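> Need coordinates for the below:
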Amino acid sequence: ENGAVDDKSIIVDLLYDKDKRLMCVSMYLEDNERVYNIYKKESRDYTSKWVLVDSDNVMKSLCYDLDSTKLLGVSSYDSQIYQSKFMSDISYDHWNGPINYDIPMRKIMFDKDNFMIGIDLVNNFIYKKKTINWKTSDWDTENINKTKVYDLFYDKDGCFIAATPEGVKKQLHPGDFNSVFISIKDYK
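Numbers count the residues shown, from 1 in each chain. Now for the predicted structure:
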């Protein structure tokens, strides 16, 4: 019920806002160009209606900065990280950045130890920042999890679950960034 934002868009990223309401980035094609919009649910009820927050946005992925609680976005133009400047409670139309120009990413999030991790735009490998200060740290190009993933989230046991070219997979060991992923069907 009320799963789609409209009948022409697909949801490409999901997260919870600071008020624990579900938010998303949607995308549709117009004249062979990708158009991104940000929506959030009317209430904490996930079946409530989607409300448009920002239209024709440039961000393809969002997450909240753990230190400042500001919204971070990965730009659809350069795949770099930007930080929001809140104009009001529901507008995310101004972005600062790119912040710390580095390897282009598809998606960013934070791990359980507050390190920023990202899914690489080109090879879909999982990268981690070298230090906890993501604004000044580079992506670690030596310690890479070379599992090709499209998306990641944490399971309640601390292991990543990933959408991969071979289907849904889960890490074997919690807290180990380079832990092997196996098919979710084979996970005990």
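
> now the helices: where do they sit in this protein?
For the chain, applying DSSP state H gives no helices.

> and the lowest-mean-pLDDT helix or strand in it, which residues are buried?
Using mean pLDDT, DSSP states H and E, strand 94-96 stands out as the lowest-scoring helix or strand of the chain, at a mean of 83. Judged by neighbour count (16 or more other CB atoms under 10 Å), strand 94-96 contains these buried residues: residue 95. Just so you know, the C-beta spots here come from the backbone N, C-alpha and C atoms, and that holds for glycine as well.

> quick one: low-confidence parts of this protein?
Scanning the chain for pLDDT under 70 picks out the ranges 86-93.

> how about a cut-off of 80?
Along the chain, segments meeting pLDDT under 80 span 55-56, 68-69, 85-94, 175, 188.

> picking that back up, what strands flank the least confident helix or strand of the chain, and is each parallel or antiparallel?
strand 81-85 (antiparallel) (DSSP bridges).

> May I have the strand it pairs with exported as PDB, CA atoms only?
C-alpha atoms of strand 81-85 as PDB (Å, rounded to 0.1, in the frame of the first residue of the first chain):
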ATOM      1  CA  ILE A  81      29.700  13.500  -1.700                       C
ATOM      2  CA  TYR A  82      27.800  16.700  -0.900                       C
ATOM      3  CA  GLN A  83      26.300  18.000   2.400                       C
ATOM      4  CA  SER A  84      22.900  19.600   2.600                       C
ATOM      5  CA  LYS A  85      22.200  23.100   3.900                       C
END
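
> Would you mark the buried spots in that strand?
The neighbour-count check on strand 81-85 (16+ other CB under 10 Å) flags 81-84 as buried.

> mind listing what residue 21 touches?
40-44 (CB atoms under 8 Å, 6 or more residues apart in numbering).

> for the residue nearest to residue 158 when sequence neighbours are not counted, what are its contacts?
Using CB to CB, 6 or more residues apart in numbering and skipping residues adjacent in sequence, the residue nearest residue 158 is residue 174, 3.2 Å away. By CB under 8 Å, 6+ apart, residue 174 lies in contact with 157-159.
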